[in-house]
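> Sharing a sequence plus its predicted fold:
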Amino acid sequence: MKNIILIGMMGCGKTTVGELLAMRLKRTLVDTDKLIEAREGISVAEIFETQGEGYFRSLEMGVAQALSLRDDLIIACGGGLPLQEGAMAALKQSGVVIWLDRDAGDIFDGEDMSGRPLAQAGREAFLERAAQRAPIYEKWADATIHDFTSAVSTAARVKEAVETIASWEENKGGEGI
Ligand code: S3P
């Protein structure tokens, strides 16, 4: 079955929602940041600090291309991964892309932003980054989720969206999701 790929701003809940989905759908969750951290043996924040963002993005590209060769996964993408055309194009080919479009102000006010190097410049900068990225997330998304009342309800909305897309695909005679 195809992969389910979660995209959206840092802190929007991709990993938490991905964990719930993985349990409900009996699939494996892969978080691109965690995979990079496991391979490098240091945190994402340390990679940014010691090697710079460019190096992190090259690791992200490699991970995206490797994961795009697999199937049946839930993939929680780092928030900046969709900015790299080659990384996201490869992943999109392997599955269905769901954008968790949570309000950036709610994220910044409600989530722990420590350990996220690109969220350290304050609320305004975070909102601006989110606004700049929105068209890019939108471009890649097969479906967009707006319900963030709880992680459980967000996961349920993602599952519904995936099932709807799967039924369209089946009607077209395509592979199931
Ligand atoms: C980033 C998001 C982070 C991580 C890195 C850069 C971004 O992932 O990949 O700090 O550019 O938005 P999360 O979205 O999991 O926080």
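The structure has been received and is ready for your questions.

> is it fair to say Ala121 lies in a helix?
No: under DSSP: H, G, I helix; E, B strand; the rest coil, Ala121 falls outside any helix and is assigned coil.

> That one - how many residues pack around it?
Number of residues near Ala121 (other CB atoms under 10 Å) recorded here: 11. Backbone N, C-alpha and C define where each C-beta goes, glycine included.

> contacting residues around the helix or strand bottoming out on mean pLDDT in the chain?
Ranked by mean pLDDT, DSSP states H and E, the helix or strand of the chain with the weakest confidence is helix 151-171, at a mean of 93. Residues from elsewhere that reach helix 151-171 (CB atoms under 8 Å, 6 or more residues apart in numbering): 4, 6, 13, 16-17, 20-21, 24-25, 96, 98, 100, 142-143, 145, 147-148, 175-177.

> For this protein, what lies in contact range of the ligand?
Proximity of the chain to the ligand is confined to Met10, Gly11, Asp33, Val44, Gly78, Gly79, Gly80, Arg116, Pro117, Leu118 under the rule CB under 6 Å from any ligand atom.

> for the record, mean pLDDT for whatever helix or strand the third one lives in?
When elements are defined using DSSP states H and E, Asp33 is found to belong to helix 32-40. Within the predicted structure, the mean pLDDT of helix 32-40 is 97.

> Check which helices and strands the next helix-or-strand element following that helix is in contact with.
Later in the chain than helix 32-40, the nearest helix or strand by DSSP H and E is helix 44-51. Under the contact criterion of 3 or more CB pairs under 8 Å, 6 or more residues apart in numbering; DSSP states H and E, helix 44-51 touches helix 32-40, helix 53-67.

> which parts of helix 44-51 are buried?
Val44, Ile47, Phe48 (16 or more other CB atoms under 10 Å).

> ok, and the closest non-adjacent residue to the last one?
Distance criterion CB to CB, 6 or more residues apart in numbering; nearest residue to Phe48, sequence neighbours excluded, is Pro117 at 4.1 Å.
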